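K.L.:
The following block contains a protein sequence and its predicted model.
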Amino acid sequence: MASSEHLGMSTAMEALGVEVDWFLDHMRVEKGASEHTILAYHGDITRAAEYFHSLGIMRWRDLKPPDLLGYESTLGAKMARSTAQRKISGLRSFLKFLKKNSEGPEADLPSTAGFKNPKRLPKALSLDNIQNLLDLPDTSQPSGLRDRALMELIYGAGLRISEAVDLAISDLELPNRSVRILGKRGKMRRVPLPQQTVEWVVRYLTEGRPHLAKKANSRVFLSDQGKNLLRQRAYTVLDQYASRAGLQEGTSPHTLRHTYAVHLLKGGADLRVVQELLGHESIATTQVYTQLDMEEVRQKYRLAHPRE
């Protein structure tokens with residue numbers, strides 16, 4: 001005999017499931033969604049359908065703001081933020097689809113904002129910490145020269161890790177101390193390089209890379225096996241050096257990019273210039289790099305305030 005819970009699910013999907021099947025077919029056929037994604041949507045929307053059906057709602061168009069708020073309240077404390085955000089996002093996509101096809105509710109679509117984890121910027125490293133990190137690779141070895149050049153470029157040019165590992169030799173303009181970067185959405189930018197960065201890249205290209213290259217390859221950074229250096233491998237390499245340097249857990253390639261931006265801004269660089277160097281489309285994205293560590297602010301306050 002079927003359980004009452006199973007019967008409840010069947011009844012809910014009998015009442016509300018036609019539009020769900022329509023949406024899933026749309027995602028599968030027109031959007032090319034994977035079966036994994038389809039299953040996730042199905043599970044998330046089914047959960048919502050069961051809740052709304054328990055309120056006596058028989059059509060999606062009959063949903064009211066209190067119904068949606070009530071459903072959101074069932075998620076927050078009972079699951080991880082990321083899971084709750086995914087479930088709300090799936091329901092939002094479904095209801096947006098129904099609204100577009102005149103089958104959705106008049107109520108505003110549910111928001112995922114309440115379930116997003118607060119954005120945390122990595123703490124910028126000090127100049128001493130950066131130098132200690134850069135000095136760790138064994139540059140008597142080809143892989144050590146590669147690792148040093150990689151970290152020098154990420155910090156020296158503020159590169160995203162994907163930009164660094166995708167870099168082609170033809171993108172390097174070392175006589176002019178610059179590099180051409182193909183950033184997000186195909187946006188090209190040219191970034192100047194510090195002399196020290198140029199020197200390490202040249203040394204890697206002449207002393208290290210020839211020993212790694214097993215066959216012709218246009219990429220700057222190669223793995224120990226002579227293949228393209230993968231993004232995840234670059235993360236692992238930097239994590240190992242950060243651990244040896246005694247740096248905070250979570251130090252990543254983005255930490256070096258963040259440190260590049262903070263050091264430029266503290267050195268007096270214009271925010272618009274830093275925006276261009278980082279390849280940000282919006283100045284608002286660059287502004288987050290201006291947030292100083294509050295402990296640093298407190299220390300400077302205590303030193304500067306006459307009544308402290």
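P.N.:
All right, it came through fine.
K.L.:
residues in contact with residue 156?
P.N.:
By C-beta atoms under 8 Å, 6 or more residues apart in numbering, the contact set of residue 156 is 193, 194, 196, 197, 260. In this view, the C-beta of every residue, glycine as well, is placed from N, C-alpha and C.
K.L.:
same question, residue 277
P.N.:
With contacts defined as C-beta under 8 Å, 6+ apart, the neighbours of residue 277 are 157, 158, 189, 191, 264.
K.L.:
Out of the contacts of residue 156, which two sit at the greatest distance?
P.N.:
196 and 260 (13.5 Å; C-beta to C-beta).
K.L.:
Tell me which of the two has more neighbours.
P.N.:
Set residue 196 next to residue 260 and count neighbours by other C-beta atoms under 10 Å: residue 260 wins out with 24 against 11.
K.L.:
Run a quick neighbour tally on residue 244.
P.N.:
Residue 244 has 11 neighbouring residues, counting by other C-beta under 10 Å.
K.L.:
For the residue lying closest to it once chain neighbours are set aside, the count of nearby residues, please.
P.N.:
Spatial nearest neighbour of residue 244, excluding adjacent residues (C-beta to C-beta, 6 or more residues apart in numbering): residue 136 at 5.7 Å. The local packing of residue 136 (other C-beta under 10 Å) involves 16 other residues.
K.L.:
Need the three-state assignment for residue 136.
P.N.:
coil (DSSP: H, G, I helix; E, B strand; the rest coil).
K.L.:
same deal with the one 10 residues further on?
P.N.:
Residue 146 falls in the helix class when you classify it by three-state DSSP.
K.L.:
wait, it sits on residue 204?
P.N.:
Yes. With contact defined as C-beta atoms under 8 Å, residue 146 reaches residue 204; the gap is 5.8 Å.
K.L.:
could you pull out the strands for the protein?
P.N.:
Using DSSP state E, the strands assigned to the chain run over residues 172-173, 178-182, 188-192.
K.L.:
ranking those strands by burial, who's on top?
P.N.:
Among the strands of the chain, the stretch with the highest mean neighbour count (mean count of other C-beta atoms under 10 Å) is strand 178-182, at a mean of 19.
K.L.:
Which of the strands of the chain sits closest to residue 88?
P.N.:
strand 178-182 (34.7 Å).
K.L.:
what does that closest one contact?
P.N.:
153, 157, 159, 163, 166-167, 171-173, 188-193, 279.
K.L.:
For residue 280, which residues are in contact?
P.N.:
Residue 280 touches residue 286, counting by C-beta under 8 Å, 6+ apart.
K.L.:
one step back: I'd like to know which of the contacts of strand 178-182 is nearest to residue 131.
P.N.:
residue 153 (15.6 Å).
K.L.:
That closest one contacts residue 197, doesn't it?
P.N.:
Yes. Counting by C-beta under 8 Å, residue 153 does reach residue 197; the two are 6.2 Å apart.
K.L.:
which of the two has more neighbours?
P.N.:
residue 153 (26 against 22).
K.L.:
And the pLDDT at that one?
P.N.:
Note on residue 153: pLDDT of 96.
K.L.:
and if you look at residue 203?
P.N.:
Confidence for residue 203, expressed as pLDDT, is 97.
K.L.:
residues near it, how many?
P.N.:
Residue 203, neighbours per other C-beta under 10 Å, totals 16.
K.L.:
what's near enough to touch it?
P.N.:
Residue 203 makes contact with 139, 145, 149, according to C-beta under 8 Å, 6+ apart.
K.L.:
which one of those sits closest to residue 65?
P.N.:
Among the contacts of residue 203, residue 149 lies closest to residue 65 (C-beta to C-beta), at 56.0 Å.
K.L.:
Isn't the closest one up against residue 199?
P.N.:
No. With contacts counted by C-beta under 8 Å, residue 149 stays clear of residue 199, the gap being 9.6 Å.
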